[in-house]
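S.K.: return a 3D structure for these sequence lines:
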Amino acid sequence: MSKPSKRITHMQAKATELGTVDVATAVKELKALEANLPDGVKPCKFDQSVEIAMRLGVDPRQADQIVRGSIVLPHGIGKSQRVLVFCQGENVGVAEEAGADLVGGKELADKIKDGFLDFDVAIATPDMMGVVGPLGRVLGPRGLMPSPRSGTVTQDVANTVQEYKAGKVEFRVDAGGNVHSVVGKLSFDEDKLLENVEAFIAFINSLRPTAAKGTYIRNIALSATMMPGIKISAA
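M.R.: Sure, this is the predicted structure:
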């Protein structure tokens, strides 16, 4: 195993020293980690994505305790997502006008079967699910399968495309009870990043299953692509 770089070692020590802090402090200190490196330590060369991880007091094996959904964050995620739409008829023009990057039907499905996965979101109208359904084995494990529950199987093509182009994010609790999501870029103004993080936490709070017992939000951490996590108070 390779030895951690001086940059990572420095950041991990700072994050440990901070301990558990409130959301505003976590955002401020995360940005400061990259901005206040020791002499001779080079910063990351790209604009890192900021990510939140939350451990929930739910049992994902129980259908009534699955936490999943999607949210359009107040300030987006700093990335224009590539949106693919399965549709036909007049919806083709609607999807294209709304900003979809790829629009089509069976020809798109065949392209995906051949290995094409250069997109971030797949949307489908209900009448296309006969074409899309067989793609479940390819798209499902990658979190790209259109689903009525997540709002990506819809008749409202224009609004759905526009939301995802604006930075709508999807999430689903994993087998360990964790929820992960991108909440912006490290280059975001502190206030904008804070609003995104607070909006995501509040939304997860609103989705507490009635069947969940005890403490619902158990741990929260904020990190960036090439940075350690900073612990946030879940209280």
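S.K.: show me where the protein has strands.
M.R.: Here the chain has its strands, by DSSP state E, at 20-21, 49-56, 68-72, 83-86, 102-104, 121-124, 168-172, 178-185, 217-224, 230-232.
S.K.: closest to Ser5 out of the ones you listed?
M.R.: Ser5 lies closest, by CB to CB, to one member of the strands of the chain: strand 217-224, at 14.9 Å. For glycine as for every other residue, the C-beta is placed from the backbone atoms N, C-alpha and C.
S.K.: tell me what the closest one is packed against?
M.R.: Applying 3 or more CB pairs under 8 Å, 6 or more residues apart in numbering; DSSP states H and E, we find strand 217-224 packed against helix 23-35, strand 49-56, helix 190-206, strand 230-232.
S.K.: what about 10 Å?
M.R.: helix 6-18, strand 20-21, helix 23-35, strand 49-56, strand 178-185, helix 190-206, strand 230-232 (3 or more CB pairs under 10 Å, 6 or more residues apart in numbering; DSSP states H and E).
S.K.: identify the bridge partners of Ile230.
M.R.: Leu222 (DSSP bridges).
S.K.: Val83 touches Pro146, doesn't it?
M.R.: No: applying CB atoms under 10 Å as the test, Val83 and Pro146 come out as separate, 11.4 Å apart.
S.K.: between those two, which contacts overlap?
M.R.: Common contact partners of Val83 and Pro146 (CB atoms under 10 Å, 6 or more residues apart in numbering): Val121, Ala122, Ile123, Thr152.
S.K.: now, which of those residues sits nearest Gly93?
M.R.: Ile123 (15.0 Å).
S.K.: number of residues surrounding that closest one?
M.R.: 27 (other CB atoms under 10 Å).
S.K.: tell me the contacts of it?
M.R.: 83-87, 95, 98, 100, 103, 132, 146, 150-154, 156-157, 160-161, 163-164.
S.K.: look up how far Leu84 lies from it.
M.R.: 7 Å (CB to CB, to the nearest Å).
S.K.: who touches both of those two?
M.R.: With CB under 10 Å, 6+ apart, Ile123 and Leu84 have common neighbours Ala95, Ala100, Val103, Pro146, Val161.
S.K.: keep only those of those residues that are in helices.
M.R.: Members of the shared contacts of Ile123 and Leu84 lying in helices (criterion: DSSP state H): Ala95, Val161.
S.K.: just checking, Arg55 touches Lys231?
M.R.: No: contact between Arg55 and Lys231 fails when scored by CB under 10 Å: they sit 11.1 Å apart.
S.K.: now, among the shared contacts of Ile123 and Leu84, which is nearest to Lys113?
M.R.: Using CB to CB, Pro146 comes nearest to Lys113 of the shared contacts of Ile123 and Leu84, at 15.5 Å.
S.K.: tally up the residues packed near Glu170, please.
M.R.: Applying other CB under 10 Å, we find 17 residues neighbouring Glu170.
S.K.: if I look at Gln12, how far off is Phe46?
M.R.: Using CB to CB, Gln12 is found at 20 Å from Phe46.
S.K.: higher neighbour count, those two?
M.R.: Counted by other CB under 10 Å, Gln12 and Phe46 do not tie: Gln12 has more neighbours, with 15 against 11.
S.K.: mind listing what the more buried one touches?
M.R.: Listed by CB under 10 Å, 6+ apart, the contact partners of Gln12 are Pro4, Leu33, Met227, Pro228, Gly229.
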